[in-house]
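>>> prediction below, plus the sequence it came from.
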Amino acid sequence: MSALELVSVAVATPLYRLFDYLAPAAMHARLQPGVRVRVPFGKRTVVGVVVEPPRSSSPGDFKYRPPLALLDETPLLSADLLELLRWAAQYYQYPLGRVIEAALPGPLRRGNAARDSSPVWVRLSVAGTTAKPPSRAHRLLGLLDELAQGPRPDDALDSGTLRKARDKGWIEDCHAPPAASGIAADAPQPSAAQCDVLRELRAARGFTVSLLEGVTGSGKTEIYLQVAADALSRSQQALILAPEIGLTPQLVSRFEARFPGRVAPFHSGMSESQRAQSWLAARDGRADIVIGTRSAVFVPFRQLGIVVVDEEHDASYKQQEGFRYSARDTAVFRAQQWKAPVILGSATPSLETLANGRAGRYRHLRLPQRVHRTAPPRIDLVDARGQAMSHGLTSSLLATTEKHLSAGGQVLLFINRRGFAPALLCRECGWVAPCKRCDARMTLHRSRSRLICHHCGYETVVPQQCGKCQAHALAPVGQGTERVEDALRERFPNHRVERFDSDRVRRAGELERLLRDVASGDIHILVGTQMLAKGHDFAGLSMVGIVSVDQALFGVDFRALERMGQLVVQVAGRAGRGTEAGEVLLQTHEPQHPKLRTLVEHGYGAFADELLAERVGSGLPPASHLALLRAESLDAAAAMRFLHDAKAGLKAQAGARRGVAALGPVAAPMERRAGRWRAQLLLQAEKRAPLQRALSAWVPGLGDLPSARKVRWSIDVDPVDL
Ligand code: ADP
Ligand code: ZN
Ligand code: ZN
């Protein structure tokens, strides 16, 4: 029997393996790594990606099938993109087919042709300029009016009306007008501090990682714009990552203003086909700059010259489900692949990045001052103990608010909790309304008259009676944004109070509208969650009040304090008007808490150093490397059983697990969530290499354990919370 020609294909399944198909002679030469194929898979047909060139194999009993169709003439995934995805699959221990699925925009994932479907431009024909449609044909009239002003892309116009106008010969296709393209000339002269940073960045050759530390307003974005311009002048492309672009449109608009016609955005606020267009434009070199959120780190480039990760500490860079990758860390790998510099920017760097800076692996560059405003605001602690409180607000916080309002300033009150109150308590017997599916309390949302679980989304009507003693004595305890909003409306009836959280602001457009009202001075008091902490520039804000961070001081998560410090500094950074430093009050019942004191008295750097020393003491990241195996099941014992079996499996691999400790399994911090019992096993290693070795030997086989059948499990490498 003659040898078989086989080709390995990645298919999106939970299995940690590739699948072999016959490579028919007719396709053979074109079955190159990176091309998509439609293949039979069990009883289904799926789209897969060829990851290795065909190879000869001796025939066996297995009856291989050929692909049903070849979907690309040339590879859709370039060699470097495939290398990146293979690295990510290996590092994050996730099946390659699923990694590819997560990295491809929807239409490409589903096998659609990879062609440029940019809009066709239309203009009035000669007949169209003198056309006289009946006066009741409003849409046609509107279309003719619009086109009378110049050509338009057809995807911006109503297709039915276009068809009618085309049938009548009133419009015709035309070329897109040449896009304004280049670099706008209005870049400001860099400040002395910016010059220093730019000199350092420009002196670097090849792959380097730079931490750019600077408070909001210190001119970091201007640095990004300058280094992007450098890359463009060398005919290279730039990748700019930011958290939540949909909520911070300023970043994109600044790049678009500086580099007209050369920017391709890539984020979840766009349609799938728009994202596919950006993806292809970057791959083919038609877009010079990609600005996007997490998943933009997988956009392919023709010639990548610089990578920027803005707000690198932001937790949203870590995907929390499915393919649990860190876009920041993947961005560093990408830069290395392209021998390009990467800049990690933040006012409050993550401890990981700071530790790399302290160890000399990353360069640590600083922009110590704000460009326009003078000193960054000082944070004053308000001792809430023994003070009269009204809906969680101390009288001194209210008095200072009043002072700023009457001086014509705007005030931001930050509270990191949605809803009216985080608990509904019976004053007779102490019962607290629980979620019936989680180990958690229900949050009262009074504006919607619902109790809502913030962990699983379960909702009920607000009960009138205690669930235990039936007393009519239920009272809200604690406060969320709604309650603070209500309290302020009552206290300051002549001022406009608006709430900013994900219940109130659901779309980017809504946020922009509210932000315009803030800018025009119509809104005087802003109450909100971390939605207000980043990106926005509030020119008239003279005071920031932080209603409570006490919860984080005693949080179970080892990163709780780090996050608290970052949030406080970010929120405080919103204060200040013109050249006046703003006033920042942080209300707390723990004014003596040593970490809080370090933060407000010595700043984020000293605070971070203390936390780093503690992490070394307790062997937590960045002093160690972690991976977390999570399991959940409907049956209380099954998750634990699986984790015990998994641990035994790891122990059996004596060679592979050297240098790796397995801790647990233990119940998850919230043992029951959405009706499932949850448990976890923690792997800890001082060095990354042994951890990676152990994971590679262990994870792919976990699904074969008999006890795996009754659980949902996932592995999380470099988890952000435990
Ligand atoms: P960050 O990204 O650190 O918040 P930005 O780059 O947005 O800081 O700068 C803050 C403000 O200062 C922006 O309005 C920006 O346009 C302006 N700015 C930055 N650098 C300069 C400069 N060299 N000269 C004048 N204005 C500048
Ligand atoms: Zn719940
Ligand atoms: Zn009761």
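Done, it's in. Residues are numbered from 1 along each chain as shown. Ligands and ions are numbered 1, 2, ... in the order given.
>>> so where do the helices sit in the stretch 551-700 of the chain?
In the stretch 551-700 of the chain, the segments counted as helices under DSSP state H, counting those that start in this stretch are 560-572, 594-618, 638-652, 688-702.
>>> ligand 2: which of these is closest?
Nearest to ligand 2 among the helices of the stretch 551-700 of the chain is helix 638-652; the distance by CB to the ion comes to 17.4 Å. For the C-beta atoms, the positions are set from N, CA and C on the backbone; glycine is no exception.
>>> now for the closest one, which elements pack on it?
Packed against helix 638-652 by the contact rule (3 or more CB pairs under 8 Å, 6 or more residues apart in numbering; DSSP states H and E) you find strand 625-633, strand 660-673, strand 676-685, helix 688-702.
>>> nearest to residue 405 among the ones you listed would be which one?
strand 660-673 (40.1 Å; CB to CB).
>>> what's the angle between the closest one and strand 676-685?
Using axes from the mean of the first three to the mean of the last three CA atoms, to 10 degrees, the inter-axis angle of strand 660-673 relative to strand 676-685 is 160 degrees.
>>> averaged pLDDT, strand 660-673. What do you get?
Per-region confidence: strand 660-673 scores 94 on mean pLDDT.
>>> show me which positions of it end up buried.
660, 662, 664-665, 667-668, 671-673 (16 or more other CB atoms under 10 Å).
>>> now it, how far from the centre of its chain.
Its chain's C-alpha centre and that of strand 660-673 lie 26 Å apart, by CA atoms, centre = their mean, to the nearest Å.
>>> residues contacting the residue positioned nearest the centre of the chain?
In the chain, the C-alpha closest to the average C-alpha coordinate belongs to residue 316, at a distance of 3.5 Å (CA atoms, centre = their mean). Counting by CB atoms under 8 Å, 6 or more residues apart in numbering, residue 316 touches 243-244, 293-294.
>>> nearest to ligand 3 among these?
residue 244 (41.2 Å).
>>> quick one: contacts for that closest one?
Per CB under 8 Å, 6+ apart, neighbours of residue 244: 293, 316, 534.
>>> just the helices of the stretch 551-700 of the chain: most buried one?
Greatest average neighbour count among the helices of the stretch 551-700 of the chain goes to helix 560-572 (a mean of 23), per mean count of other CB atoms under 10 Å.
>>> do that helix and ligand 1 meet?
No. Using CB under 6 Å from any ligand atom, helix 560-572 stays clear of ligand 1, with a minimum separation of 10.9 Å.
>>> and the buried residues of strand 660-673, which two are the farthest apart?
660 and 672, at 29.3 Å, using CB to CB across the buried residues of strand 660-673.
>>> re earlier: distance to residue 157 and mean pLDDT for the helices of the stretch 551-700 of the chain - can I get that in a markdown table?
Formatted as a markdown table, these follow (distance: least, CB to CB, whole Å; pLDDT from 0 to 100):
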| stretch | distance to residue 157 | mean pLDDT |
| --- | --- | --- |
| helix 560-572 | 42 | 93 |
| helix 594-618 | 50 | 95 |
| helix 638-652 | 55 | 95 |
| helix 688-702 | 51 | 94 |
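>>> ligand 3 is nearest to which of those?
Once the helices of the stretch 551-700 of the chain are compared by CB to the ion, helix 560-572 is nearest, at 31.4 Å.
>>> need the residues that contact the closest one.
Residues contacting helix 560-572 (CB under 8 Å, 6+ apart): 215-216, 313, 315, 347-348, 350-351, 376-377, 379, 412, 414, 416, 530, 532-534, 544, 546, 549, 552-555, 584, 586, 595, 599, 604, 607-608, 611.
>>> next, the angle from it to helix 594-618.
Using the same axes, to 10 degrees: helix 560-572 against helix 594-618 is 140 degrees.
>>> how far does helix 560-572 sit from its chain's centre?
Counting by CA atoms, centre = their mean, helix 560-572 comes out at 17 Å from the chain centroid.
>>> again, but for stretch 440-453
26 Å.
>>> buried sites along that stretch?
Within stretch 440-453, the residues that count as buried by 16+ other CB under 10 Å are 440-445, 451-453.
>>> you'd agree the residue nearest to the centre of the chain is in a helix?
Yes. Membership of residue 316 in a helix is supported by DSSP: H, G, I helix; E, B strand; the rest coil.
>>> rewinding a little: could you dump the helices of the stretch 551-700 of the chain to TSV with distance to residue 87?
Output for the helices of the stretch 551-700 of the chain, formatted as TSV (distance: least, CB to CB, whole Å):
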stretch	distance to residue 87
helix 560-572	27
helix 594-618	26
helix 638-652	23
helix 688-702	11
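>>> any chance of JSON lines for the ones you listed, columns distance to ligand 3?
Below are the helices of the stretch 551-700 of the chain laid out as JSON lines (distance: least, CB to the ion, whole Å):
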{"stretch": "helix 560-572", "distance to ligand 3": "31"}
{"stretch": "helix 594-618", "distance to ligand 3": "35"}
{"stretch": "helix 638-652", "distance to ligand 3": "33"}
{"stretch": "helix 688-702", "distance to ligand 3": "45"}
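>>> low-confidence ranges in the chain?
Scanning the chain with the threshold set as pLDDT under 70 gives 1-2, 116-119, 175-185, 246-248, 373-374, 508, 535, 577-579, 654-656.
>>> how about the residues of it near ligand 2?
435, 437-438, 453, 455-456, 458 (CB under 5 Å from the ion).
>>> at 8 Å what do you get?
Contact residues, the chain versus ligand 2 (CB under 8 Å from the ion): 435-438, 440, 442, 453-458, 673-674.
>>> buried subset of these, written for PyMOL?
A single PyMOL command is used to select the members of the residues of the chain next to ligand 2 judged buried by 16+ other CB under 10 Å:
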select buried, resi 435+437+438+440+442+453+454+455+456+458+673
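>>> which one among the residues of the chain next to ligand 2 gets closest to ligand 3?
residue 442 (15.0 Å).
>>> any figure for the gap between that closest one and ligand 1?
39 Å (CB to the nearest ligand atom, to the nearest Å).
>>> that residue contacts residue 457, correct?
No. Applying CB atoms under 8 Å as the test, residue 442 and residue 457 come out as separate, 11.2 Å apart.
>>> many thanks, we can stop here.
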